[in-house]
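Chemist: what's the 3D shape of this:
(2 chains)
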Amino acid sequence: MFVPVRLEKRLVPSPVMRIMVPLVSVIMALVFCGIFLAITGRDPLEVYAAMFAGALGSAYGLSETVVKAIPLMLCALGISVAFRMQLWNIGAEGQFYIGAFAATWLPLTFPNLPGYVMIPGMILLGLAAGAMWAFIPAYLRAKSNVNEIITTLMFNYVGILLVDYFVYGPWRDPKGLNFPLTARFADAAILPTFGASRIHIGIVFALVLVFILLVAFKYSRWGYEIRVIGQSERAAAYAGMNIQRSIFYVMLISGAISGLAGMAEVSGIAGRLQPGLSPGYGYTAIIIAWLSKLNPLAIVLVSLLFGVLQVGGYLVQTFGVPATVASMVQGAILFFVVGGEIFINYSIKIASRKEALTEND
Amino acid sequence: MGAPFIKMQGIVKKFPGVVANDHIDLDIYLGEIHALLGENGSGKSTLMSVLAGLYKPTAGKILINGVEKKFGSPRDAIANGIGMVHQHFKLVEPLTVAENITMAEREGSFWLKLGKYEHELIQFGAKYGLSVNPSALVWQLSVGEKQRVEILRILYQGSQVLILDEPTAVLTPQETCELFENLRTMANEGCAVIFITHKLNEVQALADRVTVLRGGKVTGVLQRDEIETKRLVRLMVGRDVVSHYDRKNVSDGQIVLEIDRVNALNDMGLPGLNGLSLVVREGEILGLAGVAGNGQRELAEVIAGLRKTTMGTVRLRGEDVTNLSPLEMIRRGVGYVPEDRMGMGLIPELNITDNLVLKCYQHPRFSGRWLLNNREIYNKSTQLVEQYQVKIPSLEQPIKLLSGGNMQRLLLAREIANEPKLMVVVYPVRGLDVGATEAVHKLLLELRLRRTAILLISEDLDEIFKLADRVGVLSRGQVVGDFNVEDADVEEIGLLMAGSAKGVENDVCPR
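Modeler: As a prediction, this is how the structure comes out:
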């Protein structure tokens, strides 16, 4: 039977729904993926319990969760800067790789530098290389309005293949039994970790950045300009803002932050440059930035949630469940959140019969 | 003449805050060409949208052949033989002419009989003198040809009444001539043609009868032999009394803005301003009347630094400011209230404070090198809201939730707060109700007393006569005419607006 339902735009987005939609979406995503697990003959509750217990129930699981969340946070923060201005930088993955690549250059070329030169040097190289990788898309977008979605996406492939070329070729460790890996970094080039865990000070980079971005978005001239340009380029031009320059710098900053993520990963976790350094952090971060509504604090939380899923997914492999169950849950969460957004901006009215009739006559 | 085919009786159409049609009666006979004349906003298009089934009237009825009909959608109107050609064509560009025309056909069969249709269309077109190639792709056609396809589609659907919304706006003079011949043929074949226009010469060239609208009401219906320019102008724009606001006269001041033979392109890359010259002095309001699309936007944007000139000079208080950036113009004291307040002047999604500092956030009082001075910004916003008596629940509210009147008041408040030397104001009261209009006008007059030079661009002659010290007319990218408001004659201005200035070709396709 036809149910007369009508969508009515809310004047103000509903604050209740803003919190409810993400929560309910996560639950629905778990239920949805549970159906598939059940079909393949597994007990969904058991699998989920194992996932969460594995990721949260032990010191090792917890620290691995944070380890996975660090690159996600950094990339998502970088992406959020561009997204705030409606610049769709899809290139975090490439910027991540190039950041790692540039950072690697320093310990490979000057292996004997002391730590207080090595680490800051690698940070600067990572930032600069990430920004450089966004340079051409930024320039083209600012000057000639070339679609940045396409250009940044294409640069991902170039970046990843460039790294492959170096680790399979000139930078391959001669003592590495022909594996495509660079030599291991000197200790001075490894980011310090907390205690015995693998959690490195990349987490501090991320948290400092969260603070800087919160302040910048709210209290800086630059944040104001981003807000205005992101909402209305015509109004920004009318107010005398230099839109081209803003687009250019925002893209560079966005790229620089993803570059830093790559540096932190290569120096804090891998200790050498290798293919597959990122299992798609730059792409997952797009989902995170979106789910977090570009809010820096929310990015931290959602990144941790995604860290749980990735670690949990990895651990349930021992049950014979593929690790991709984590990707499936991630995708399903995005699906439900995007679908659920309609409840934030619209309220659903069930029209009375009489109303429905007059509507349709 | 017999009984009218269509009788619209007492049509009222209300939109929130506006009465677009106020008890309008209209008769349409088969075989006649009926012009619907009026200024922008007089309710012509609304009335025809009601007849074409796009809007439901708030009150009133439509009789077809004496029988009352209710149209729920354009399909109902078409079923009763009424079709409309809109200003923006509704064609599917990648499809052929025949596919576009037969799209609405619903034959039982799954297969399209395009070959049969194409043959039919050629014969059908020949009957009305509308030659088109049925297998041509629509995107390859010229504007005139596309319009012909639209007309043909409506005739092919079996319509006897053809409504055209400003059909000549997009046509070249030759295409206009051709269109007029075609319309004449259709009328001779027994169709009724209704065309919406604000051009007097077209009414004279084509119409058998004309109904004139003003402010949503019918001001006159003239027969062919009664149609006369002066009379039409009076019906269209004429008021017996033009009420001035009470105001003190300000003596001749120094020249603030001087524009000398400026050319600029419009958004489509065609000439928008053609050697336009004007002068505005301090403490005076120059009112520029004119039909929309004659260079209003281009002129305002050139002055605001948003559009580059291709020739000529713009001087502000003696300084050459041609093609300076918007920021430079703001710094030199140019205030600008754009016509598109939601799209340019304000940012609907941002809150009131953000909107109020849009033009001054770079000022040292409101920001340092890096950080905004949020306290100072808050104080300033509070002060503006109080001073201009805008009732708002909170400064944190997105500005889109305010009424149009309050938005415009805040926009003006912001521009005035920057103490402009020159203020450019475009259609300042469009869409506002009487109270808000009054408030906006008061603000402009106060600004004038503070010796700001004001350029007021408007299509509302009432407004111009109320506010302006001098009156000019914008026509085809030029300022034609320059009168002191006391000496200005409404009819003469109306004639200039309709494009019958000396030296400008007056007749379109004489019969």
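
Chemist: how far does stretch A:109-116 stretch from start to finish?
Modeler: With CA to CA, to the nearest Å applied, stretch A:109-116 spans 16 Å between its terminal residues.

Chemist: with stretch B:235-254 instead?
Modeler: By CA to CA, one end of stretch B:235-254 lies 38 Å from the other end.

Chemist: element containing the residue positioned nearest the centre of chain A?
Modeler: Nearest to the mean C-alpha position of chain A, counting by CA atoms, centre = their mean, stands A:Ala285 at 1.5 Å. For A:Ala285, the element it lies in under DSSP states H and E is helix A:281-291.

Chemist: got any ranges where the chain has weak pLDDT?
Modeler: Assuming you mean chain A. A:1-4, A:11, A:351-361 (pLDDT under 70).

Chemist: if you could check chain B rather than the one you did, that'd help
Modeler: B:1, B:17, B:40, B:104-112, B:173, B:238-251, B:433-434, B:499-511.

Chemist: got the phi and psi for residue 220?
Modeler: Picking chain A for this. Per-residue torsions, A:Ser220: phi -100, psi 160 (degrees, to the nearest 10).

Chemist: my bad, the chain I had in mind was chain B
Modeler: phi 180, psi 150.

Chemist: could you find the closest non-adjacent residue to it?
Modeler: Of all residues not flanking B:Gly220 in the chain, B:Leu235 sits nearest, at 4.3 Å (CB to CB, 6 or more residues apart in numbering or on different chains). Where you see a C-beta, it was placed from the backbone N, CA and C, and this is true even at glycine.

Chemist: and what about the one you found, helix, strand or coil?
Modeler: Of the three states, B:Leu235 takes helix under DSSP: H, G, I helix; E, B strand; the rest coil.

Chemist: with adjacent residues omitted, what lies nearest to A:Pro137?
Modeler: A:Pro137's closest residue in space is A:Thr151 (CB to CB, 6+ apart), at 3.8 Å.

Chemist: if I look at the one you found, how far off is A:Gly78?
Modeler: 16 Å (CB to CB, to the nearest Å).

Chemist: check A:Ala100 too.
Modeler: 14 Å.

Chemist: thinking again about what came up before, contacting residues for the residue nearest to the centre of chain A?
Modeler: By CB atoms under 8 Å, 6 or more residues apart in numbering or on different chains, A:Ala285 lies in contact with A:Pro71, A:Leu72, A:Cys75, A:Ala76, A:Gly78, A:Ile79, A:Ala92, A:Ser258, A:Ser303.

Chemist: same thing but at 10 Å, please
Modeler: Applying CB atoms under 10 Å, 6 or more residues apart in numbering or on different chains to A:Ala285 gives the contacts A:71-80, A:92-93, A:96, A:258, A:261, A:278, A:299, A:302-303, A:306.

Chemist: and A:Ser144, by the same measure?
Modeler: A:Ser144 touches nothing, counting by CB under 10 Å, 6+ apart.

Chemist: from A:Gln244, how far out is it?
Modeler: From A:Ser144 across to A:Gln244, the span is 10 Å (CB to CB).

Chemist: ditto for B:Pro16
Modeler: For B:Pro16 relative to A:Gln244 (CB to CB), the value is 39 Å.

Chemist: do the same with B:Ile454
Modeler: 32 Å.

Chemist: which one's more surrounded, those two?
Modeler: Using other CB atoms under 10 Å in any protein chain shown, the more surrounded residue of B:Ile454 and A:Gln244 is B:Ile454, with 26 against 14.

Chemist: now that one: which helix or strand?
Modeler: Following DSSP H and E, the helix or strand that holds B:Ile454 is strand B:453-457.

Chemist: what strands flank that strand, and is each parallel or antiparallel?
Modeler: Sheet partners assigned to strand B:453-457 using DSSP bridges are listed as strand B:285-289 (parallel), strand B:422-426 (parallel).

Chemist: what is the burial count for the residue in chain B positioned nearest to chain A?
Modeler: For chain B and chain A, the shortest gap (CB to the nearest CB) falls at B:Leu327, measuring 3.1 Å. Using other CB under 10 Å, B:Leu327 is surrounded by 16 other residues.

Chemist: picking up where we left off before, go through the helix holding A:Ala285 and flag the buried ones.
Modeler: A:Tyr281, A:Gly282, A:Thr284, A:Ala285, A:Ile286, A:Ile287, A:Ile288, A:Ala289, A:Trp290, A:Leu291 (16 or more other CB atoms under 10 Å in any protein chain shown).

Chemist: mind listing what the residue nearest to the fifth one when sequence neighbours are not counted touches?
Modeler: To tie it back to what came earlier, the one meant is A:Ile286. Excluding the flanking residues, the one nearest A:Ile286 by CB to CB, 6+ apart is A:Ile79, at 5.8 Å. Applying CB under 10 Å, 6+ apart to A:Ile79 gives the contacts A:87-92, A:95, A:254-255, A:257-258, A:282, A:285-290, A:294, A:299.

Chemist: now do 8 Å
Modeler: By CB under 8 Å, 6+ apart, A:Ile79 lies in contact with A:Asn89, A:Ala92, A:Ser254, A:Ser258, A:Ala285, A:Ile286, A:Ala289.

Chemist: related to what we said a few turns ago, so the residue nearest to A:Pro137 sits against A:Phe135, correct?
Modeler: No. In this structure, A:Thr151 is not within contact of A:Phe135 by CB atoms under 8 Å, at 10.6 Å.

Chemist: more neighbours, the two?
Modeler: A:Thr151 (20 against 15).

Chemist: next, the angle from the helix or strand the more buried one falls within to helix A:281-291.
Modeler: Using DSSP H and E, A:Thr151 falls within helix A:148-168. With axes from the mean of the first three to the mean of the last three CA atoms, to 10 degrees defining the directions, helix A:148-168 sits at 150 degrees from helix A:281-291.

Chemist: list the contacts of helix A:148-168.
Modeler: Identification of contacts with helix A:148-168 by CB under 8 Å, 6+ apart yields A:87-91, A:93-95, A:97-98, A:100-101, A:133-134, A:136-138, A:140-141, A:180-182, A:251, A:273-275, A:277, A:282.

Chemist: of the residues you listed, which belong to strands?
Modeler: Under the assignment DSSP state E, the contacts of helix A:148-168 contribute nothing to strands.

Chemist: buried ones among the residues you listed?
Modeler: A:87-91, A:93-95, A:97-98, A:100-101, A:133-134, A:136-138, A:140-141, A:180-182, A:251, A:273-274, A:277, A:282.

Chemist: quick one, phi/psi of B:Lys44?
Modeler: Per degrees, to the nearest 10, the backbone of B:Lys44 is at phi -60, psi -50.

Chemist: ditto for A:Pro170
Modeler: Torsion angles, degrees, to the nearest 10, at A:Pro170: phi -60, psi -30.

Chemist: now the one 3 residues further on
Modeler: When read as degrees, to the nearest 10, the backbone of A:Asp173 gives phi -70, psi 120.

Chemist: same check on B:Leu306?
Modeler: phi -90, psi -10.

Chemist: enumerate every residue touching the closest residue to it other than its chain neighbours.
Modeler: Excluding the flanking residues, the one nearest B:Leu306 by CB to CB, 6+ apart is B:Pro326, at 5.6 Å. Going by CB under 8 Å, 6+ apart, B:Pro326 touches A:Ala237, A:Tyr238, A:Ala239, A:Gly240, B:Ala304, B:Gly305, B:Leu306.
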